[in-house]
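> Here is a sequence together with a model predicted from it:
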Amino acid sequence: MLMIADLVKTFPQPGGGELTVLDIPRFEMAAGEQVALIGQSGGGKTTLLHLIAGMLSATSGSIRIDNMELTRLSEQGRDRFRASKIGYVFQTFNLLPAFSALENVKLGMSFGAGKVDVQRAMRLLDKVGLADRASYRPKQLSVGQQQRVAIARALAGRPTLLLADEPTANVDPASSDSVLNLIIQSCRAENIGLLMVTHSMDVASRFKRVERLEEINRAIGPSLISQDATEVSQDTAEPNAS
Ligand SMILES: Nc1ncnc2c1ncn2[C@@H]1O[C@H](COP(=O)(O)OP(=O)(O)OP(=O)(O)O)[C@@H](O)[C@H]1O
């Protein structure tokens, strides 16, 4: 389902030069597989998730998801691809504040090819225990509830792959377990692949497969590879949520 080969990502540095953050010869995930990704701070875990989601463009190499080569798509093509194939759960939820819980979940569908299925959106809210909060805005919800809405939104478009970047980092320990169970069980039930970044060994221990980024990434302790690059790419912009 996911095949990465010879993937390199460099970033222009403020003082000139390029920083190679990722250099991954090979990384694969089977359909429906669940993987925890751990590694040192600044090692490139979020960058890898952003590349797989098509929020960033690769410097070189290949990322294939369901046999679609992501690196050959335009930025718009990657946006469309993400909308139909990828769910993303952020550490900070990224819900739209002016919209209700239900509207936020529906947004997870309207970006994709499928039409908005209000019943599925309500079923998802029910599944995350928030059917009675459908009309609440994010600020009227607790932090754990907001993350559960974000999970419902990420699942709404029936993605092939769910990317989760430390989804329990900002929720209290009691909600953290329920958020984690919700993600793991929902992905299993719908055969959605799951790649979850975590710093917590407790969280990682819930996964059969745990990958340490340092072991798949040759750019360990990112190194400066050239001093003459002056071009500032669009990648320095904050990626959009979807
Ligand atoms: N847009 C950017 N421009 C320049 N450098 C960047 C950019 N985004 C990330 N980096 C650099 O890439 C490296 C990896 O960052 P990334 O956020 O992927 O790490 P991480 O493993 O997710 O870290 P953490 O566990 O602390 O969240 C860092 O050194 C960071 O400074």
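Received the coordinates, thanks.
> Next, the buried residues of the single longest helix found in the chain.
If you go by DSSP state H, the chain has its longest helix at helix 173-189. Across helix 173-189, burial judged by 16 or more other CB atoms under 10 Å covers 175-176, 178-180, 182-184, 186-187. Just so you know, the C-beta spots here come from the backbone N, C-alpha and C atoms, and that holds for glycine as well.
> Redo those residues as JSON lines? Include distance to residue 115 and pLDDT.
Shown next, in JSON lines, are those (distance: CB to CB, whole Å; pLDDT from 0 to 100):
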{"residue": "175", "distance to residue 115": "32", "pLDDT": "81"}
{"residue": "176", "distance to residue 115": "34", "pLDDT": "85"}
{"residue": "178", "distance to residue 115": "30", "pLDDT": "85"}
{"residue": "179", "distance to residue 115": "29", "pLDDT": "86"}
{"residue": "180", "distance to residue 115": "31", "pLDDT": "92"}
{"residue": "182", "distance to residue 115": "25", "pLDDT": "90"}
{"residue": "183", "distance to residue 115": "25", "pLDDT": "93"}
{"residue": "184", "distance to residue 115": "28", "pLDDT": "96"}
{"residue": "186", "distance to residue 115": "21", "pLDDT": "92"}
{"residue": "187", "distance to residue 115": "23", "pLDDT": "95"}
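> Return the distance of the longest helix of the chain from the chain's centre.
16 Å (CA atoms, centre = their mean, to the nearest Å).
> Extract the C-alpha trace of that helix and format it as PDB.
Extracted C-alpha coordinates of helix 173-189, given in PDB (Å, rounded to 0.1, in the frame of the first residue of the first chain):
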ATOM      1  CA  PRO A 173      -3.600  10.500  30.600                       C
ATOM      2  CA  ALA A 174      -7.200   9.300  31.100                       C
ATOM      3  CA  SER A 175      -8.400  10.600  27.600                       C
ATOM      4  CA  SER A 176      -5.100   9.500  26.100                       C
ATOM      5  CA  ASP A 177      -6.000   5.800  26.400                       C
ATOM      6  CA  SER A 178      -9.400   6.300  24.900                       C
ATOM      7  CA  VAL A 179      -8.000   8.400  22.000                       C
ATOM      8  CA  LEU A 180      -5.400   5.800  21.300                       C
ATOM      9  CA  ASN A 181      -7.900   2.900  21.400                       C
ATOM     10  CA  LEU A 182     -10.200   4.800  19.200                       C
ATOM     11  CA  ILE A 183      -7.600   5.300  16.500                       C
ATOM     12  CA  ILE A 184      -6.200   1.700  16.600                       C
ATOM     13  CA  GLN A 185      -9.600   0.100  16.700                       C
ATOM     14  CA  SER A 186     -11.200   2.300  14.000                       C
ATOM     15  CA  CYS A 187      -8.300   1.700  11.600                       C
ATOM     16  CA  ARG A 188      -8.500  -2.100  12.200                       C
ATOM     17  CA  ALA A 189     -12.300  -2.100  11.700                       C
END
